[in-house]
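[1] Here is my input, please return the structure:
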Amino acid sequence: MRRMAAWAVTLLCVSCAISTTSRVPQDQSEDPWKKFQRKGGRIEKTQIVQLQDYELSSQDIAQKRNLKLYDQGGYFNCFTHIPVGTQKKQDEIERKASQRVAIARQFILSHWEKHRRGYIRLSFDSVDAYGTSHIFIEPDSNGKWQVIWRGVNISKQLYTLPVIRTVVQDFTENERGELVFKDSDGDEWRRL
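    Next up is the predicted model:
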């Protein structure tokens, strides 16, 4: 059961990344998983390092980055599922998670817009699984700004999204102003 739950988080993370629509015409016959791989997305087995408050990491999460050069956004536990409880308690948990996500959005957007290196971690859960996203805002070797989004889940999988080249705030769905993460072709890979 635990293995199925872990796989569900992986599918949730990857399917969120690969099932979104694109403004760029795409080959309708291309499988979303193959598109994810073609654009540089990867999933690999890893050894989990369990840190504080359900934060997951791996030995190679930073890929030899010198994290002293990055502004540290910190770690945010954005869990919203709890065991059986009252609706009032659930509402409070969801409110706190929403506040944490809003702080993370502000950190990411300000670093993106000001071209400042930043590193932030967020853990999310589903009904029976969880994982931690590690988000790096940085220039590439040519000085072009990018977001590298890596994640670790309880099934001992490390996933890396295709390189993000655009981060925009979208208020069309709600007043929260979700951040939209897109690659160089305009394909959307995540929303936060």
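
[2] Check which helix or strand the residue nearest to the spatial centre of the chain maps to.
    Centroid check for the chain by C-alpha atoms, centre = their mean gives residue 133 as the closest residue, at 4.5 Å. Per DSSP states H and E, residue 133 falls inside strand 130-139.

[3] close enough to count as contact, the residue nearest to the centre of the chain and residue 124?
    Yes. Using C-beta atoms under 8 Å, residue 133 is in contact with residue 124, at 7.2 Å. (Each C-beta comes from the backbone N, C-alpha and C, glycine too.)

[4] ok so, going back, now do the same contact list for the residue nearest to the centre of the chain.
    Applying C-beta atoms under 8 Å, 6 or more residues apart in numbering to residue 133 gives the contacts 13, 121, 122, 123, 124, 149, 150, 151.

[5] Out of the residues you listed, which end up buried?
    Listed as buried from the contacts of residue 133 are 13, 121, 122, 123, 124, 149, 150, 151; burial here means 16 or more other C-beta atoms under 10 Å.

[6] So which of those sits lowest on pLDDT?
    Lowest pLDDT within those is found at residue 13 (48).

[7] what are the ranges of the helices in this structure?
    2-18, 32-38, 87-114 (DSSP state H).

[8] Would you single out the least confident of these?
    Looking at those, the weakest mean confidence is helix 2-18, a mean of 41.

[9] Understood, closing this out.
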